[in-house]
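[1] After the sequence you'll find the predicted model.
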Amino acid sequence: MSDEWKLPWEGGCRCGGVRFRVTAPPFLSSACHCSGCQRMTASAFTLSLGVPRDAFEVTKGEPVLGGVGDPPIHYHCPHCKSWVFTRPVEPAYFVNVRTTMLDDHGWAQPYVELYRGEGFAWAATGAKHSYEAMPAEADWPRLVADYAKEGARP
């Protein structure tokens, strides 16, 4: 499977002070249009790849907490302040890597859009699935299974 995904992947913040490695395929790629993500990025949405927590490793630097003080936990470079990744508290088995922090990220395309109800009408991502807020709990297994078969590859 790692040959199909061309793993491992390397990435890091804008200044290079924080670097990381991903060694397993993502569960899902997404764009989040919520107002919190808009404010943290000063953009219309964030792009994320949900990867297994044990397949994500910080290889350089010491990321610091940023964003709001409540979960999920957002990690940033202490120097350039890039938002590098998020560790959700629940479920705790994955890390959301900011897609644009990958050294090679041009291949990545959001498979699902979240919080379209808070988004800008003009901010289209081309995601196959779109939700006004979060998908129902029952939708996640299907989305993950479909992404494993259909999601964009490097």
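    Arrived safely.

[2] In what element of secondary structure is the residue nearest the centre of the chain found?
    In the chain, the residue lying closest to the centroid (CA atoms, centre = their mean) is S48, at 1.7 Å. Taking DSSP states H and E as the criterion, S48 maps to strand 46-52.

[3] list the buried ones in that strand?
    46-51 (16 or more other CB atoms under 10 Å). Heads up, the C-betas are built off the backbone N, CA and C, glycines and all.

[4] mind listing what the nearest residue to Q38 once chain neighbours are set aside touches?
    Among residues not flanking Q38 along the chain, A44 sits closest, at 6.5 Å (CB to CB, 6 or more residues apart in numbering). Counting by CB atoms under 8 Å, 6 or more residues apart in numbering, A44 makes contact with 33, 38, 119-120, 123.

[5] So among the residues you listed, which ones count as buried?
    Judged by 16+ other CB under 10 Å, buried ones among the contacts of A44: 33, 38, 119.

[6] In terms of distance to P71, which of these ranks first?
    Within the buried ones among the contacts of A44, the smallest distance to P71 is 19.0 Å, found for Q38 (CB to CB).

[7] so what secondary structure elements neighbour the helix or strand harbouring that closest one?
    In this structure, Q38 sits in helix 35-41 according to DSSP H and E. Based on contacts counted as 3 or more CB pairs under 8 Å, 6 or more residues apart in numbering; DSSP states H and E, there is no element that helix 35-41 packs against.

[8] count of residues packed around the nearest residue to C77 once chain neighbours are set aside?
    With sequence-adjacent residues excluded and distances taken as CB to CB, 6+ apart, C77 is closest to C13, at 3.7 Å. Applying other CB atoms under 10 Å, we find 25 residues neighbouring C13.

[9] heads up, I number from 29, so please use that
    Sure, I'll start numbering at 29, so the last one becomes C41.

[10] Just to be sure, P119 is in a strand?
    No. P119 is assigned coil when assessed by DSSP: H, G, I helix; E, B strand; the rest coil, not a strand.

[11] Report pLDDT for it.
    Looking at P119, its pLDDT is 74.

[12] after the lowest-mean-pLDDT helix or strand in the chain, next one along is what?
    Every helix and strand of the chain was ranked by mean pLDDT, DSSP states H and E. The lowest is helix 30-33, at a mean of 78. Going down the chain from helix 30-33, the next helix or strand is strand 37-40, by DSSP H and E.

[13] avg pLDDT for that following strand?
    98.
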